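> Quick one: sequence and predicted model below, then my questions.
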Amino acid sequence: MSTEKITLPRIAEMKRAGERIVMVTAYDYPSAQIVDEAGVDVVLVGDTAAMVVLGHDATTPVGMDEMLMMASAVRRGLERPFLIGDMPFGSYESSNEQAIENAQRFVKQAGCDAVKLERGGASTDRARAIIRSGIPVMGHVGLTPQTASALGGFKAQGRTAETAAKLTEEALGLQSVGCFAIVFEAIPSAVTEALMPKLEIPVIGIGAGPATDGQVLVLHDLLGVYAGHKPKFVKRFADVRGESLKGVRAYTEEVRAGAFPNEEQHTYSIPQEELEEFARYLEEESLVGIDTPWDW
């Protein structure tokens, strides 16, 4: 496995060479270390954290401060992958100035290499402004979770000629303003395949079929950590939740049975003479009324 640092030129080169780009979400330091060691190319600190980490039923409640905290933790765990911060709902819609300011926070405070934002339309203008400020932007079309309610829920997009044409216009618009890549989410495979020759930048799919230049999945979905809704496009490559449940149940049983901690394996010792001196102290001294920190 290559240890070469993934950069924007390298991502573009991978598309030209037909090398599949592997992208995964991550939200904390240990997860970042795992995806780095596994050879993942691109890591997204996604606003899906609102659902799979923070317990909300949508992505919209998560804010910039929470995203920056998670992105900073992920940055500390990565060496090779390219890191992208997901612009959360409310962080870029108001104005180009707001979008640039929050994109800069991802770079300056969290060490991200780029940012991602959803939709075309007005978001295309925001993407252009961020790019002109010197920060790379990844676009996102199709099912855009931040506006899922306006799209009729978490449903596939582009399933009619009209909506497929709108999706095409959004993707080409994002490409034209300089986005370095685009995420296609929940789009019919045939529509993706028809669009790929029209796009010069890498396309990363999630539920968009095999014709894209790469794939992205939410870490908690692919590892089976999250017990919530499982989209059709998710394949679970492990059952981390099931194994975790087994481990915690075994711990619970051993604590209740008095089997853990084991005196020989899990405790610290004290020299016998020190223990005897301590015992004398307990016998000779009156411990009543000794000041404790909360009495100061």
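Yes, it's here. Residues are numbered from 1 along each chain as shown.
> Grab the nearest non-local neighbour of Ala156.
Distances taken as CB to CB, 6 or more residues apart in numbering place Ala186 nearest to Ala156, at 4.4 Å, with adjacent residues excluded. Using the backbone N, CA and C atoms, a C-beta is placed for each residue, glycine as well.
> I'd assumed Ala208 was in contact with the one you found.
Yes - between Ala186 and Ala208 there is a contact under CB atoms under 8 Å: 7.1 Å.
> In this protein, where is pLDDT below threshold?
Where the chain drops to pLDDT under 70, the residues are 1, 145, 147-155, 285-296.
> Next, count neighbours for Ala71.
Neighbour count of Ala71, defined by other CB atoms under 10 Å: 30.
> Excluding chain neighbours, what is closest to it?
Using CB to CB, 6+ apart and skipping residues adjacent in sequence, the residue nearest Ala71 is Ala110, 3.6 Å away.
> Test my guess that that neighbour contacts Leu68.
Yes - the pair Ala110 and Leu68 qualifies as a contact (CB under 8 Å) at a distance of 5.0 Å.
> Between those two, which contacts overlap?
Common neighbours of Ala110 and Leu68, counting by CB atoms under 8 Å, 6 or more residues apart in numbering, are Gly85.
> Give me the next element, helix or strand, following the helix or strand where Glu170 lies.
Assigned by DSSP states H and E, Glu170 belongs to helix 161-176. Where DSSP H and E defines the elements, the next helix or strand beyond helix 161-176 is strand 181-185.
> What helices and strands are in contact with that following strand?
For strand 181-185, the packing partners by 3 or more CB pairs under 8 Å, 6 or more residues apart in numbering; DSSP states H and E come out as strand 137-142, helix 161-176, strand 203-206.
> Using JSON lines, lay out those together with distance to Gln272 and mean neighbour count.
Listed next are the helices and strands packed on strand 181-185 as JSON lines, based on distance: least, CB to CB, whole Å; neighbours: other CB atoms under 10 Å:
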{"stretch": "strand 137-142", "distance to Gln272": "64", "mean neighbour count": "28"}
{"stretch": "helix 161-176", "distance to Gln272": "72", "mean neighbour count": "17"}
{"stretch": "strand 203-206", "distance to Gln272": "62", "mean neighbour count": "25"}
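> Mind putting those into a markdown table with distance to Glu37?
As requested, those are exported to a markdown table (distance: least, CB to CB, whole Å):
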| stretch | distance to Glu37 |
| --- | --- |
| strand 137-142 | 23 |
| helix 161-176 | 32 |
| strand 203-206 | 21 |
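> Out of these, flag the one nearest Asp221.
Smallest distance to Asp221 across the helices and strands packed on strand 181-185 (CB to CB): 9.8 Å, for strand 203-206.
> how close does Arg236 get to Leu223?
Noted for Arg236: a distance of 7 Å to Leu223, by CB to CB, to the nearest Å.
> Between the two, which has more neighbouring residues?
Shown here are Arg236 and Leu223; by other CB under 10 Å, Leu223 has more neighbours (19 against 15).
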